[in-house]
Every structure is written in structure tokens, then in C-alpha cells.
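**Student:** Provided below for reference: sequence and predicted model.
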Amino acid sequence: MGRLIALFLVLCCLAYPVAGQQCGRFAADSNGGQRLITTIDFSAYRAIVAGELHNVPCLPAIKLAFITHMHEHYGTNHVFMEIGISAAWLYNQYLATGDTAFITSPVPVYGGGEGRVFWESLYRYNRACANKIVIHGLDFERLEFIKVLRLLRPAKTEPPGALKRVMQTVDTLTITSPNSPSLNTLYEQIRANFNSNEAEYRAYYGEHFSLVKRIMMNENTHRAYGGRDTNMFTTVQQQSSERGFGKFVVFVGQRHNDRSAPDKLTGMMAGVYGKTLLSMGMVADTRSFEDR
């Protein structure tokens, strides 16, 4: 963390793109982490989208600073990330229990290196809060979906005939690459089995069936990169409306965060949230945020 650079936030506060304004910065705190210093009043916004550069070394630290700032000052506890539904479930289980088994073997996406420090820090923060932070996945499934299918299966219960081969595969899978073509093929095979035997899955998984269905019906996984922003938008809308939460934060890659582009996530959200949408974007060469 010794090379952390001060990052400037330049936020677009209107429904349409305008010239950005410097509104804050991240600075080192007394605990060796980062904190957000800003004069922005986020209370007028329901949706806050932060476009990120996934491989910036200090990203986990400033992401933590932004999440905790929004939680402490505005009670914002719903956070969308560019991960799958299964990865989000694993992270939420870890945040609720502190059991690192949920975030190892395999390590969920963005969970290694400084990412692991981020989750450990968020766990410690969340543990002391009554209004718990909840993570939502809006992207495609990776290797984590196999682990979740395994963890949610009922103990000592023989799967029905139509599910036996699937459960055998879940138990003996040897794929280790999170983005292996073989994994995508396996996902499609299990999805097809699910579609043909939904009643059996419902009976077998019981109270966990709705989560299993969301994972196996994840359109971003099924369609790979086709219509990815549209599916992200649909997921955000479904989750925010079904769960009835108010203000929320969305972290996505910079390419999804262009409110002037109708085919990008933020552009679609702008049509729904208008002036209650606030978008930010990180500029690679200066590591500063500008309006998107």
C-alpha cells in the first residue's frame, strides 16, 4: 500500500454529460487504508455508478473507502459488483460468518491478493454494523457456481435420477481455470438439464431453489458477452425492485459506464433514474475520476 496515489473524484451530477468538477479525493487514513474526502452530498441520488479499471493496484483500498463512506453517511448497504450471482453469495456468506472456506478453493473473482485484504477489511467493518452491507452480482458465472451448487445441496439426500450425473460432476470436477471453455460448456450442460428437470431441482434444493435458478438462468453466462450490458441492467433493475432497496452503488468496468451511450449499462440506467443517477469514471493515465 506504500505507493498509493491520491485519486481525484470528478462527478457528473446531472442527467446528461457535462464538464466534470473536482469534488473530492482519496487520502491515507491513520490505519494505513484510504478514506474519501468529498463535499458531494449523495443524498439526492438513488443510483451511484463507479467505472473502474480492474487492474489498478490500489483499487480495492479506494473501493472499500467509497463503500464505507456511503454506508456511514447515507446508510447505503446494497453494492453491485461485476461478479456472478454465485460469487456474490459466497462473499455474503463470508461477510456474515467470517468463515474463509467460502472464499477459498476456489478463490472467487477479485478475491486474491489485495482483493483478499479488501474482503477481510469489509468483514471487520460489517461485523460491527447493524445495517449490514450486502453484495449483489450482476455479471456472468465463473467457477464459483459449481461450489455453490455443491454447498447448497441437501446433506445425506440422494439426488433424483435426472440430477445424479450433474451432482457427480459437481463432486468430481477437476477444472481449475475460472474462464475455461470447458467450464462454459459444463455450465450450458447443467443449464439444459435444469431446464428439462426444473421440478426435480425444486424438490431437491428446497429453500435454496430460487438462488440455484437465478444462477443457472444467468443470461450473461448463457450468452457469454452478447448483450452483456443489457443483462447487467436487467439484473440491477430486478434486484433493486424485488428487494425494495433505495440507494445503491454499482461498481463496473469503465467500458460499461457511459451514460451517453444507450447500449451501455449507465446509459440504460440514465433513462430510468435521470438526475438521481450519479456516474463516475477513472481515467487511466492520471488515475482520476471524471464524468461519464
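**Tutor:** Great, that's in hand.

**Student:** which residue ranges of the stretch 101-250 of the chain form helices?
**Tutor:** Secondary structure of the stretch 101-250 of the chain (DSSP state H, counting those that start in this stretch): helices located at 114-127, 144-152, 161-172, 181-196, 198-205, 209-216, 219-222, 228-242.

**Student:** what's stretch 130-141 in contact with?
**Tutor:** Applying Cβ atoms under 8 Å, 6 or more residues apart in numbering, the contact partners of stretch 130-141 are 67, 71, 75, 77-89, 91-92, 95-96, 122, 125-126, 187, 215, 218, 220-221, 224, 228, 232, 235-236, 239, 250, 252. No exception for glycine: its C-beta is placed from N, CA and C like everyone else's.

**Student:** just the buried ones out of the residues you listed, please.
**Tutor:** Taking 16 or more other Cβ atoms under 10 Å as the criterion, what is buried in the contacts of stretch 130-141 is 67, 71, 77-89, 91-92, 95, 122, 125-126, 187, 215, 218, 220-221, 228, 232, 235-236, 239, 250, 252.

**Student:** is it possible to get the helices of the stretch 101-250 of the chain out as a markdown table so that each row also shows distance to L277 and mean pLDDT?
**Tutor:** Listed next are these as a markdown table, based on distance: least, Cβ to Cβ, whole Å; pLDDT from 0 to 100:
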| stretch | distance to L277 | mean pLDDT |
| --- | --- | --- |
| helix 114-127 | 25 | 94 |
| helix 144-152 | 29 | 94 |
| helix 161-172 | 40 | 90 |
| helix 181-196 | 32 | 90 |
| helix 198-205 | 36 | 96 |
| helix 209-216 | 25 | 96 |
| helix 219-222 | 21 | 75 |
| helix 228-242 | 11 | 90 |
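
**Student:** nearest to M268, of these?
**Tutor:** With distances scored as Cβ to Cβ, the stretch of the helices of the stretch 101-250 of the chain nearest to M268 is helix 228-242 (4.3 Å).

**Student:** how close does the closest residue to V272 other than its chain neighbours get to G271?
**Tutor:** Distance criterion Cβ to Cβ, 6 or more residues apart in numbering; nearest residue to V272, sequence neighbours excluded, is Q237 at 7.3 Å. Q237 sits 11 Å away from G271, going by Cβ to Cβ, to the nearest Å.

**Student:** ok, now T235?
**Tutor:** Counting by Cβ to Cβ, the gap from T235 to G271 is 16 Å.

**Student:** and what of Y74?
**Tutor:** Distance of Y74 to G271, computed by Cβ to Cβ: 24 Å.

**Student:** these two: which is more packed in?
**Tutor:** Between Y74 and G271, counted using other Cβ atoms under 10 Å, Y74 has the larger neighbour count: 16 against 12.

**Student:** contacts only, for the spatially closest residue to the more buried one that is not a sequence neighbour.
**Tutor:** Nearest non-adjacent residue to Y74, counting by Cβ to Cβ, 6+ apart: F42, 5.5 Å away. For F42, the contacting residues are I48, M70, H73, Y74, T76, K247, L278, by Cβ under 8 Å, 6+ apart.

**Student:** buried set for stretch 188-204?
**Tutor:** Buried-residue list, stretch 188-204, by 16+ other Cβ under 10 Å: I190, R191, N193, F194, N197, E200, Y201, Y204.

**Student:** can you name the two of those that sit furthest apart?
**Tutor:** Pairwise distances across these (Cβ to Cβ) peak at 15.9 Å, for the pair R191 and Y204.

**Student:** okay, now the domains of this protein?
**Tutor:** With automatic domain parsing as the criterion, the domains of the chain are listed as 7-85+123-139+243-290, 144-217.

**Student:** span of the last one from start to end?
**Tutor:** Spelled out, that is domain 144-217. This stretch, domain 144-217, spans 15 Å end to end (Cα to Cα, to the nearest Å).

**Student:** and it, how far out from the chain middle?
**Tutor:** For domain 144-217, the separation from the chain centroid amounts to 21 Å (computed by Cα atoms, centre = their mean, to the nearest Å).
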